[in-house]
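# give me coordinates for this.
(one chain, ligands or ions: 1)
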Amino acid sequence: LNVMMGAARKAARSLVRDYGELEHLQVSMKGPADFVSSADIRAEKTLRAELKKARPGFGFLLEEGGEIAGDDKSHRWIVDPIDGTTNFLHGIPNFCISIGLERDGELYAGVVYQPLGDEMFHAEKGAGAFLNERRLRVSARRKMEESVFTTGIPFHGRPGHEPFLKELAAVMGQVAGVRRFGSAALDLAYVAAGRCDGYWESGIKPWDIAAGVVLVREAGGYVTDYDGGGRMLETGDLVAANDHLHQPLLKLLKSARG
Ligand code: IPD
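Residues are numbered from 1 along each chain as shown. Model prediction:
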């Protein structure tokens, strides 16, 4: 965790600088409404160099750089240099760095760092989840009608518009509120911190969720795919919530999808 937090802090320096000078960034498209900027590339370069320096053998799955095999086949970093790229590029301050560590195919540790608020969310399997020094626990809410959920809304070029509208219709009438903040890693960190009671999204990538899954689990919450299993990284479908609300949320989403 120290290695991960150190790397995140170092990469955050260029991110914050770039955020202050958005007009100078070079931005290109990876696909429809899928942007990459010189800020993503710079931050990812720092993260990769720092993590490699500390653990030379570990492999990588990088949002921008893809899969890089390491000599140590049992460890892999899963890295998103900016989760919430669209927010970042629009000057909306909800974005973060996300670093997950997989050990023997299992998500083992996670760091989600929101540099503007200096919020360092971190968790290691069996050791609990923390925001800076403070221990985290998911919310205790039991009633859907008192609960707030976050989600991701598909956009231009992303499939799943119709199923999402059905899910939203099923959930919104039952709950106190649905939010769309624009960073999946922070959405999961907020569930871990008890700020939100749950989060769901489909079509999500491993680097958006790897760290956040560990945070939610270590804060006492549940994270599954839409079948109630653990294949979130493979399916790209994720449902996270506190221990009381996970089943009701999953049931609503499943019935909405038919
Ligand atoms: C995106 C964010 C967003 C989610 C999208 C992701 P990116 O990641 O996490 O909240 O709804 O599905 O693609 O592109 O900013 O790294």
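# distance check, Gly117 against the ligand.
17 Å (C-beta to the nearest ligand atom, to the nearest Å). Heads up, the C-betas are built off the backbone N, CA and C, glycines and all.
# any idea how far Lys45 is from that residue?
24 Å (C-beta to C-beta, to the nearest Å).
# of the two, give the one with the bigger neighbour count.
Remark: of Gly117 and Lys45, Lys45 carries more neighbours, 16 against 11, as counted by other C-beta atoms under 10 Å.
# which SSE is Leu215 in?
Secondary structure assigned from DSSP states H and E places Leu215 in helix 206-218.
# scratch that, Arg42 is what I was asking about
Per DSSP H and E: helix 38-54 holds Arg42.
# for the chain, which strand is longest?
strand 72-83 (DSSP state E).
# following element in sequence after that strand, please.
helix 85-90.
# buried residues, stretch 50-57. List them.
50-52 (16 or more other C-beta atoms under 10 Å).
# since we're on Lys30, how many residues are nearby?
13.
# next one: phi and psi at it?
phi -90, psi -30 (degrees, to the nearest 10).
# check which helices and strands the longest strand of the chain is in contact with.
helix 2-19, helix 38-54, strand 58-62, strand 96-103, helix 184-192, helix 206-218 (3 or more C-beta pairs under 8 Å, 6 or more residues apart in numbering; DSSP states H and E).
# tabulate those in a markdown table, adding columns for mean pLDDT and distance to the ligand.
Output for the helices and strands packed on strand 72-83, formatted as a markdown table (pLDDT from 0 to 100; distance: least, C-beta to the nearest ligand atom, whole Å):
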| stretch | mean pLDDT | distance to the ligand |
| --- | --- | --- |
| helix 2-19 | 97 | 13 |
| helix 38-54 | 96 | 8 |
| strand 58-62 | 98 | 11 |
| strand 96-103 | 98 | 8 |
| helix 184-192 | 98 | 3 |
| helix 206-218 | 98 | 4 |
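# of all the ones you listed, which lies closest to Gly126?
helix 206-218 (8.0 Å; C-beta to C-beta).
# may I have the strands that pair with the helix or strand following the closest one, each with its orientation?
Downstream of helix 206-218, the first helix or strand assigned by DSSP H and E is strand 222-224. Strand 222-224 has the following sheet partners, assigned by DSSP bridges: strand 237-241 (antiparallel).
# what's the following helix or strand past the strand it pairs with in contact with?
Downstream of strand 237-241, the next assigned helix or strand under DSSP H and E is helix 246-257. With C-beta atoms under 8 Å, 6 or more residues apart in numbering as the test, helix 246-257 has contacts from 144, 149, 163, 166-167, 169-171, 174, 198, 200, 221-222, 224, 226, 228, 239-241.
# could you give the angle of helix 246-257 to helix 206-218?
140 degrees (axes from the mean of the first three to the mean of the last three C-alpha atoms, to 10 degrees).
# and for the residue in the stretch 101-250 of the chain positioned nearest to the ligand, the neighbour number?
Closest to the ligand within the stretch 101-250 of the chain is Gly152: 2.7 Å, counting by C-beta to the nearest ligand atom. Counted with other C-beta under 10 Å, residues neighbouring Gly152 total 22.
# thinking it is in contact with Lys205, fair?
No. Using C-beta atoms under 8 Å, Gly152 makes no contact with Lys205, being 10.9 Å away.
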